[in-house]
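# Give me coordinates for this.
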Amino acid sequence: MPKVCIIYGFCEGPRMSTLMHRELKRAGHELTNDPYAADIVIAHSGGCFLVPHDLPASQVLMIGLTYWPGKSIARALVQKSWNDYLHHRSDRKARAWAKKTLWNGVYFWKMHRNAHMLIKRRRGDFWKVERLTLIRNEEDPFCTPKLDSIPFAVKPRYVTLPDQHDDCWLHPERVIAVIQ
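As a prediction, this is how the structure comes out:
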């Protein structure tokens with residue numbers, strides 16, 4: 001069974017990814033919290049900054065990398081929040097949106113982890129990750145649509161998926177299809 005490690009972003013954690021966990025297990029994967037023990041590492045949003053560049057994993061996926069030159073994080077956050085609300089409202093998933101937003105609030109208080117992301121972002125080791133697939137959702141306000149402008153040391157494989165920034169938690173089967 002291939003081992004998968006999920007590295008969560010700003011204000012995220014395991015309670016956000018119950019569907020992802022279920023679908024990964026259904027697809028025959030085992031979950032681990034150790035990225036060095038994983039065959040596949042999935043990082044989302046600010047979690048991309050926490051990906052060590054020396055991983056032995058055969059595949060690394062970065063979803064929704066927070067990188068858009070000239071666009072402030074605050075502006076992207078407002079856009080994301082509004083898009084998130086509209087997306088859940090149109091799909092009649094208000095309860096799922098409320099649950100996700102509640103967990104965002106809970107994980108917000110993990111300040112040491114959030115600060116660690118900012119430190120790692122400044123260091124920039126994540127730019128050196130190899131065997132990388134970068135996934136950008138079409139409506140992602142955090143990740144630039146100009147994927148070739150992202151300064152990775154080794155050019156990654158680029159994949160575009162539908163929907164918004166946090167879509168991996170709602171439709172994990174799309175991410176799993178990229179893995180397989």
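
# Which helix or strand in this structure has the lowest average pLDDT?
Ranking every helix and strand in the chain by mean pLDDT, DSSP states H and E puts helix 94-108 at the bottom, with a mean of 78.

# in this protein, which spans are strands?
Assignment of strands within the chain using DSSP state E yields the ranges 3-7, 30-32, 40-44, 59-63, 132-139, 157-164.

# Can you lay out these as JSON lines showing mean pLDDT and distance to residue 13?
Any C-beta I mention is one placed from the backbone N, CA and C, and that applies to glycine too. JSON lines is the format used below for the strands of the chain (pLDDT from 0 to 100; distance: least, CB to CB, whole Å):
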{"stretch": "strand 3-7", "mean pLDDT": "98", "distance to residue 13": "10"}
{"stretch": "strand 30-32", "mean pLDDT": "97", "distance to residue 13": "14"}
{"stretch": "strand 40-44", "mean pLDDT": "98", "distance to residue 13": "11"}
{"stretch": "strand 59-63", "mean pLDDT": "97", "distance to residue 13": "15"}
{"stretch": "strand 132-139", "mean pLDDT": "96", "distance to residue 13": "20"}
{"stretch": "strand 157-164", "mean pLDDT": "94", "distance to residue 13": "19"}
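
# will you turn the ones you listed into TSV that also has distance to residue 20?
Output for the strands of the chain, formatted as TSV (distance: least, CB to CB, whole Å):
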stretch	distance to residue 20
strand 3-7	7
strand 30-32	9
strand 40-44	8
strand 59-63	10
strand 132-139	13
strand 157-164	14
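
# Columns distance to residue 173 and mean neighbour count on top of those, output as a markdown table?
As requested, these are arranged in a markdown table below (distance: least, CB to CB, whole Å; neighbours: other CB atoms under 10 Å):
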| stretch | distance to residue 173 | mean neighbour count |
| --- | --- | --- |
| strand 3-7 | 14 | 22 |
| strand 30-32 | 16 | 15 |
| strand 40-44 | 13 | 27 |
| strand 59-63 | 14 | 26 |
| strand 132-139 | 13 | 20 |
| strand 157-164 | 11 | 15 |
